[in-house]
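Asks: here is a sequence together with a model predicted from it:
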Amino acid sequence: MSSKAPSTMTQAEIKLCSLLLQEHFGEIVEKIGVHLIRTGSQPLRVIAHDTGTSLDQVKKALCVLIHHNLVIYRVHKRSVVEYEAQCSRVLRMLRYPRYIYTTKTLYSDTGELIVEELLLNGKMTMSAVVKKVADRLTETMEDGKTMDYAEVSNAFVRLADTHFVQRCPLVPATGDSDPGPPPPAPTLVINEKDMYLVPKLSLIVVLAVLHSQAPLPESSSVCSQIFRSLPGSYNISKQVLDQYLTLLADDPLEFIGKSGDSGGGMYVINLHKALASLATATLESVIQERFGSRCARIFRLVLQKKHLEQKQVEDFAMIPAKEAKDMLYKMLSENFISLQEIPKTPDHAPSRTFYLYTVNVLSAARMLLHRCYKSIANLIERRQFETKENKRLLEKSQRVEAIIASMQATGAEEVQLQEIEEMITAPERQQLETLKRNVNKLDASEIQVDETIFLLESYIESTMKRQ
Amino acid sequence: MAGNKGRGRAAYTFNIEAVGFSRGEKLPDVVLKPPPLFPDTDYKPVPLKTGEDEDYMLALKQELRETVKRMPYFIETPAEKQDDIERYSKRYMKVYKEEWIPDWRRLPREMMPRKKCKKADPKSKTAKAADRGPSLTNSADVLKKIEELEKRGDGEKSDEENEEKEGSKKKNKDGDDDDDDDNDEAEQEEYDEEEQEEENDYINSYFEDGDDFGADSDDNMDEATY
């Protein structure tokens, strides 16, 4: 996945990276990581000097960051080593719960634990992962039963085949270092590139087309190929499949297109179109929820007609001039819509220039993405604030729980346990309940905003690739 | 082209009708300050998605947040480690952090902590970053300094200088074996020495000379005076 150059990171992204690094690895790693994100490639000593951190701590932080694929290093001539942060990789930490859960739905608990261990540990050898996951699964099984290592290995191989996990590249030996023995087993890392959440629309057929299309996503699939790759359990006849495909191809959303008639019909998935539709739908939804449905109507109108004058907007949308004007300016001020000048005469005289409203989906998507980063940063900060406010009470509650747990282990009586529990008063319990509810809400919001980020980033990347 | 100013009414440089205002109409107020921090909204936010998937992911997220704190990759600042009050329950809440040793083959050589001969612990906090290249001049300088200070007769300082001298001698031995090209800064060396000193309970050179450790000391009252 392409990494953004540090100079293109916005303040919002840097802030979010800082919060994520701090929660995951602590303040020291955060300080070094953020410094590299801001400044770009730097050697060890410069980092230590600029951040005012001891060399020893910088080294520890870098080891952690490199191990977790958040920082890379390059050896230049005369053995000068420079370290560079992978900012987009840091932001990806938001998505870990979703990756783990998606793996669970596709590859069950074994797959889920494999991905979880790899995400927590950055990189591991296959043997280490298999052992750890097998041991974890054994713990959950009935007494006397153990998890078969081979089963875990198989799951691992399946994950590697579908690129959920991938092998780390071998480290080239530099002139300076003695060529040590090659690593005994490949170390593995999570590859998120192909973890697309498949849209729910006609899932079966879409998956079939995808399966028969590897390696190039843009290449066409023949109808008969699709038919063969459909899972048998679905029991779809060729005619029904044909109908489905025609329906999908004719759909105005244009996710699937027909590219020819040979072999019963050639079909292709237009991923870029799909992403563009989803991005546009997201923008429309945001406008509707923030500014109302009349505004959304205007937005859709301008989108459809590409360029409209003020007067035309009023007429087409059938909204009174004053209101239309107000709405257009609101959207303009928040950069959902932009104004384009078309001069009528060569002297660009303002009185003889068209001013047209237009929607530039790419730049609107970028703007919205930026707002998403800000939102998540705000959500995290608020959650940390709420937790900090109630720190004393939370610690008390944890201590009480710890005491109760140890008392239960040593066989205490019910009465004694109740006494300890009563150390937390009823209003305090209420406070804890409220806190839990708020923290859950904030956490859930983070996960949902990240879904939008995924969509917008995918669309932007897909669009940039085509340019 | 300068506009006509001060000639009565202001004239717009563009066709005001094109952007939707009719001539003479009252324009909206100029905005003089940033919008409020928490503005009132006409439309309330849409409720969050709920469901099995979301619940599971939420639980995962919160679990992960707790788990990462216990991993060896989470580096705590020294300040956090201080406990304000000794608590009974702390006994039951101890978290044992596994040690993590990086795969040095995948990291540049300068990442490795330098071992001091005296300290057997390779993960020692006093790992030195710099390796000395040709450092004969360094030790020569140090020796010179020591001589000067000894002349001044500052007993305590000479102990420290001895230690530095010993330390750098040992590092020179290491330096001959390894060949990193890290740039050398004298300040770095001094800084590391101080750091090391703070963590020692004993002055390394205390028993260094091997002879008469108490003989020259005026403080030693154990020896009988005849």
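Replies: It's in.

Asks: what's the spacing between A:L120 and chain B?
Replies: 7 Å (Cβ to the nearest Cβ, to the nearest Å). No exception for glycine: its C-beta is placed from N, CA and C like everyone else's.

Asks: correction: A:R158
Replies: Distance from A:R158 to chain B, by Cβ to the nearest Cβ: 21 Å.

Asks: which residue is the nearest non-sequential neighbour of that residue?
Replies: Excluding the flanking residues, the one nearest A:R158 by Cβ to Cβ, 6 or more residues apart in numbering or on different chains is A:Y107, at 6.6 Å.

Asks: and if you look at B:V46?
Replies: Nearest to B:V46 is A:E289, by Cβ to Cβ, 6+ apart, at 5.6 Å.

Asks: leaving out chain neighbours, which residue sits closest to A:V171?
Replies: Using Cβ to Cβ, 6+ apart, the nearest residue to A:V171 is B:R106, at 5.0 Å.

Asks: I'd say the one you found and A:P169 touch.
Replies: No: in this structure B:R106 lies outside contact range of A:P169 using Cβ atoms under 8 Å: 10.0 Å.

Asks: of these two, which one has the most company?
Replies: B:R106 (18 against 10; other Cβ atoms under 10 Å in any protein chain shown).

Asks: per-residue confidence for that one?
Replies: Note on B:R106: pLDDT of 85.

Asks: can the helix or strand hosting A:E314 be found next to chain B?
Replies: Taking DSSP states H and E as the criterion, the element that holds A:E314 is helix A:310-317. Yes: counting by Cβ under 8 Å from any Cβ of the partner chain, chain B is contacted by helix A:310-317 at A:Q310, A:K311.

Asks: only the buried residues of the host helix or strand of A:H24, if you could.
Replies: Using DSSP H and E, A:H24 sits within helix A:11-25. Neighbour counts using 16 or more other Cβ atoms under 10 Å in any protein chain shown place A:12-25 of helix A:11-25 among the buried residues.

Asks: out of those, who's near chain B?
Replies: Answer for those near chain B (Cβ under 8 Å from any Cβ): A:E23, A:H24, A:F25.

Asks: before we move on, the earlier item: just checking, what packs against the helix holding A:H24?
Replies: helix A:27-39, helix A:55-67, helix A:87-91, helix A:361-389, helix B:52-70 (3 or more Cβ pairs under 8 Å, 6 or more residues apart in numbering or on different chains; DSSP states H and E).

Asks: average pLDDT across it?
Replies: The average of the pLDDT scores along helix A:11-25 is 95.

Asks: over to stretch A:298-310?
Replies: pLDDT averaged over stretch A:298-310 gives 92.

Asks: from the middle of its chain, how far away would that stretch be?
Replies: Centre-to-centre, stretch A:298-310 and its host chain are 31 Å apart (Cα atoms, centre = their mean, to the nearest Å).

Asks: ditto for stretch A:446-461
Replies: In terms of Cα atoms, centre = their mean, the gap separating the centre of stretch A:446-461 from the centre of its chain is 6 Å.

Asks: stretch A:410-421 too?
Replies: Mean-position distance between stretch A:410-421 and its chain equals 46 Å (Cα atoms, centre = their mean).

Asks: give the buried residues for it.
Replies: Under 16+ other Cβ under 10 Å, stretch A:410-421 has no buried positions.

Asks: ok, the residue of the stretch 301-450 of chain A found nearest chain B - how many residues close by?
Replies: Proximity to chain B, evaluated over the stretch 301-450 of chain A using Cβ to the nearest Cβ, is greatest for A:P350 at 2.9 Å. Around A:P350 there are 15 other residues, counting by other Cβ under 10 Å.

Asks: can you pull out the low-pLDDT segments for chain B?
Replies: Judged by pLDDT under 70, chain B has its weakly predicted residues at B:1-28, B:79-96, B:115-142, B:149, B:151-226.

Asks: one step back: can you give me every residue that contacts the residue nearest to B:V46?
Replies: The contact partners of A:E289, by Cβ atoms under 8 Å, 6 or more residues apart in numbering or on different chains, come to B:Y43, B:P45, B:V46.

Asks: B:T67 - how many residues pack around it?
Replies: Here the number of neighbours of B:T67 (other Cβ under 10 Å) works out to 12.

Asks: next one: B:R105
Replies: For B:R105, using other Cβ under 10 Å, the count is 14.

Asks: that one and chain A, how far apart?
Replies: Distance from B:R105 to chain A, counting by Cβ to the nearest Cβ: 5 Å.

Asks: ok, back up a step: in contact with the residue nearest to A:V171, which residues?
Replies: For B:R106, the contact set (Cβ under 8 Å, 6+ apart) comprises A:I66, A:H67, A:C168, A:V171, A:T187.

Asks: for A:R300, same thing?
Replies: Counted by Cβ under 8 Å, 6+ apart, A:R300 has contacts A:E284.

Asks: that one and A:S338, how far apart?
Replies: According to Cβ to Cβ, to the nearest Å, A:R300 stands 16 Å off from A:S338.

Asks: count of neighbours near A:A321?
Replies: A:A321: 15 neighbours (other Cβ under 10 Å).
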